[in-house]
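> pasting the sequence and the predicted coordinates here, then a few questions.
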Amino acid sequence: MKRKLLFFILLLLIISILPVHAKPETYDRNTLEDYGVRKNWTINENNLNNVLRTYAVNASEKIYDFSEILTEDEEKQLREKIDAFEKKHHMELIILTDSYEYPESLKNSCYSDTMADKEIFRINDEYAADFYDYNDFGMDYNMSGILIFRNTAIDPCFDAMYYDMYTFGNAQLYFDQSRYDTVLDAIFDDLHSDNYLSGFESFISKVDSYVTSGKPSALEQYYVDESGYLQKLPATYHVPWGMCAAVSGVITLIVILILVHKNKMVHKAVQASAYLAKDTVHITNRQDVFVTSHVTSYTESDSSSGGGGFSSHGGSSGGGHSSGGGRHG
C-alpha cells in the first residue's frame, strides 16, 4: 500500500513539473451566423470551402498554438507583450501555429526549386490570410494587423518547416521588403532550434521597433484602399518656377545687351526732319485686344501597388494583404 501511495505521489510530482499545453478553443462555423464572418467579405461558392475549413476562434486570445509548441506560461508572457504592442500602435498582433499538411500534388513541383517555393508560399499564404480575414481580427483597427504563422508540418520538397509574417490594413505601410527580411532573418535561428518563446519575443520586439519608427521611404507615397490593397498616391506635377524664372532672366539679359549694342551703332540726328518718314502709311486708329490666357497642368498617376520590391495580394476573401516571402527552417 505504501509503495502504491509513494508511486502515486511521485506521479503527481512529475505531472506538476511537466510543461502544460492547451489547444485554442474553436467553434463550429455551421452553427454561427454568416459562418462567423463579420467582415464585409462576400461569401460564395468560390470561397465557402475556405471559410468552412478555417478555424473559428475568439479574436481576443491573440495566440493560437494548434501545434502546441508553447506552454501556458510562455503564452502568458507573450500575451503581455502583445497587449502592450496593441495598446501602443492600435493594430492586431497574432501568433499562429499549426501542422498544416501539404497536399500530395505539391510533390509534382519538387523537381523545380522555383515552382516548389511558389507553391509552398501560396499554400501557407492562403491559410494565414484566411485565418485573419474570416475571424474578427482588426475589427477595431480598420482591419490593421500583423500575423506570424509557423507551419510545423514538414514540406516534402525542402524537408523543412515554414514560417512567414503577414500584414493587413495599414500595417502594410510599415514594412517594405527590407524590413520583412530583417524581421524574418532575425528569428530564424530561434525558430529553427525550436526556441519559440525567444523567437516570438524577438518578433514582437522587431515589429514594434519598425512601427514605432514610422513608414520606410519606399512606402511614403502609398496608402491602403478599402479592400486592403496597397495603392500609390497620385503624383501631382509641379511647375519648376525657380528654374523658369532663372531661364527667363538670362534670356531677357541677352536681349537687352543686343539692343544696347545696336543702339550704340546708330548716329544721333541733329535735325528734327531726320525723324520724319515720308510716304508711309497713316495710322488713324490703334487698339490693343486681349485674346486669351491658357495655363496647362497635369497629374501623373500610377496605379501599381506595392513598394520595395513587393506588392499586396489577395486572399480567398478578396481582401488584400502583404507578406515577407517566407523562410524554410
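Yep, that arrived.
> could you list the low-confidence segments of this structure?
Along the chain, segments meeting pLDDT under 70 span 1-20, 235-250, 252, 255-311.
> which stretches in it count as strands?
Along the chain, the stretches classed as strands by DSSP state E are 26-27, 56-57, 63-65, 92-98, 145-155, 160-168, 222-224, 230-232, 235-236, 299-300, 313-314, 320-323, 327-328.
> point out the most buried one among those.
Of those, the one with the most neighbours on average (mean count of other C-beta atoms under 10 Å) is strand 320-323, at a mean of 26. In this view, the C-beta of every residue, glycine as well, is placed from N, C-alpha and C.
> sorry, back to before: could the strands of the chain be laid out in a markdown table, adding distance to residue 136?
Listed next are these as a markdown table, based on distance: least, C-beta to C-beta, whole Å:
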| stretch | distance to residue 136 |
| --- | --- |
| strand 26-27 | 12 |
| strand 56-57 | 9 |
| strand 63-65 | 13 |
| strand 92-98 | 10 |
| strand 145-155 | 11 |
| strand 160-168 | 13 |
| strand 222-224 | 19 |
| strand 230-232 | 23 |
| strand 235-236 | 37 |
| strand 299-300 | 39 |
| strand 313-314 | 20 |
| strand 320-323 | 16 |
| strand 327-328 | 28 |
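> of these, which is nearest residue 202?
When those are compared by C-beta to C-beta, strand 145-155 sits nearest residue 202, at 10.8 Å.
> partners of the closest one, with directions?
Using DSSP bridges, strand 145-155 pairs in its sheet with strand 92-98 (parallel), strand 160-168 (antiparallel).
> so for residue 113, which of the strands of the chain sits nearest?
strand 327-328 (10.6 Å).
> what residues does the closest one touch?
120, 155, 158, 160, 161, 162, 163, 164, 184, 185, 188 (C-beta atoms under 8 Å, 6 or more residues apart in numbering).
> sheet partners, orientation included, of that strand?
strand 160-168 (antiparallel).
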